[in-house]
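Undergrad: quick one, what's the 3D model for this:
(2 chains)
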Amino acid sequence: MGRSFEAAFDAEFASLHRYLARRVGAAADELAADTFAVAFRNWERLDPERPVRPWLYGIAANLMRHHWRKERRMLRAYARSGVDPVFADEDAAVERADADARHRELATALATLQPDEREILLLRAWAELTDSEIADALGLPLGTVKSRLSRARERLRNQLGGVGQEPIEAR
Amino acid sequence: MIDELHTFRTHVPEPDRETAERIFGLATRSRRPRKPNRRLVSAVAVAALVLVPTGVAFGGKLADLFEGTPAPPDVSTAFAESNRMADEVVQQGFAVQWPHADVSKAHGVIEIQTPDGPEDMWAAPDDLGGQCSFIDFADDPPGEHGMSGFGDCPRSAPQPAEKIAFGDVWTYVHPDLLTIYGSVYVDATSVRLTFADGSTATLPVVEHFFLGSAARGTKVDSVAALDAAGNQVAARTLRPSGSTRG
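TA: Alright, predicted model coming up:
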């Protein structure tokens, strides 16, 4: 008996939605629905041996391509104003405004990354995929993932003034 | 660095149950869009009701206005894949020539409603004067080579000795359903199927094709082609062998 779509949805929906919400705020609903709609239509094509999670995040990454500019605009807006548009609909947004200058710097740095670098970095940091899962999700060689991840970290570190350590060992 | 990212936007809330249910509903309602071609009103749509033989769950209700619907990309891809295989057949010396479908003219012929959703027959003229056909279930997901389904390009020239081509098949994807299909090489507006239990059912003929769905295990003993007045113009007795699997 193969995996059921319903079980996969139950297992992955919340974390995927949250990941998308961190990236594009209110558009997460639309992206999550589109991601699972693509998965549903292609469910029987999924290799039963292949894990669902990277596949779903790969679909989401493809859909995110249409939102890269929006994401960059949101990051820049946050960096400028201190009000993160991701939380723009929430009352707490203003309370959090300017709460953390470091996060505004981080938003600036993320906005300067190339879309493919940001994708890999955030799949690692927020979706907590391993390097090999990221390679599976994006259809990239493992070496490419490692080199892009390294480049993204380097760029981010430079943007943030070269401080901070790399506590995450390669997985 | 990654640690700093971990704490960035951590306040994003978990989606609530209502959101999850709404998005699940949206995702699972998705289907390939197939808009019927409203320009072409199928004359056979009025003959949509199919007689239900006793003891046999038989589906064959025609969907309105399907004939002439341009084939969606996944179906066109399936025809194109069939052409590629035809090329291989010729290249490997299994045949001197093999029909190729004109993919640009692929169109809907018959859509019936089955317990597994709409089942469609598509056709495209071939380069040897015949028609290629392809059958799929509309709600199935497409594969790498287009829709999964089955079909062929019957060698229509010279005219086959049999006036009625007949097939029945079940698939692993829809194991409970028997697809009954075929084509008629005489002027006929319907075919009458006679089942092993003696009951009968009538299917309309559209562009020489017919399509029906029954419970797997259904046995068809014979097929008769009927003209508009109900006169039998051709008949074929089928061997009592079991159905094939696609």
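
Undergrad: drop to CA atoms for contacts and neighbour counts, all remaining ones
TA: Noted.

Undergrad: quick check, B:G93 in a helix?
TA: No. According to DSSP: H, G, I helix; E, B strand; the rest coil, B:G93 belongs to no helix; its state is coil.

Undergrad: against B:D87, how distant is it?
TA: Separation of B:G93 from B:D87 (Cα to Cα, to the nearest Å): 10 Å.

Undergrad: quick one: which of those two has more around it?
TA: Set side by side, B:G93 and B:D87 show more neighbours around B:D87, with 17 against 10, by other Cα atoms under 10 Å in any protein chain shown.

Undergrad: list the contacts of that one.
TA: Counting by Cα atoms under 8 Å, 6 or more residues apart in numbering or on different chains, B:D87 makes contact with B:W98.

Undergrad: just confirm it is within a helix.
TA: Yes. Assessed with three-state DSSP, B:D87 lies in a helix.

Undergrad: got a pLDDT number for it?
TA: pLDDT recorded at B:D87 is 81.

Undergrad: with B:P72 instead?
TA: pLDDT at B:P72 comes out at 85.

Undergrad: show me what contacts B:G146?
TA: Here B:G146 is in contact with B:P73, B:D74, B:V75, B:S76, B:T77, B:A78, B:E81 (Cα under 8 Å, 6+ apart).

Undergrad: closest to chain A out of these?
TA: Distance to chain A, by Cα to the nearest Cα, is smallest for B:D74 among these, at 12.7 Å.

Undergrad: let me know the secondary structure of the closest one.
TA: B:D74 ends up helix, using three-state DSSP.

Undergrad: mind checking how far it is from B:P141?
TA: On the measure of Cα to Cα, B:D74 and B:P141 end up 9 Å apart.

Undergrad: where's A:L46 relative to A:R3, distance?
TA: A:L46 is 10 Å from A:R3, by Cα to Cα.

Undergrad: remind me which residues of the chain are low pLDDT?
TA: Defaulting to chain A. Within chain A, the segments meeting pLDDT under 70 span A:1-2, A:88-99, A:162-171.

Undergrad: that answer is for a different chain, and I need it for chain B
TA: B:1, B:30-65, B:95, B:144, B:155-161, B:239-246.

Undergrad: can you map out the strands along it?
TA: In chain B, the strands defined using DSSP state E lie at B:58-59, B:107-114, B:117-125, B:131-137, B:150-152, B:164-170, B:177-184, B:190-195, B:200-204, B:209-215, B:220-226, B:232-237, B:244-245.

Undergrad: for A:R50, which of the ones you listed is the nearest?
TA: strand B:131-137 (25.7 Å; Cα to Cα).
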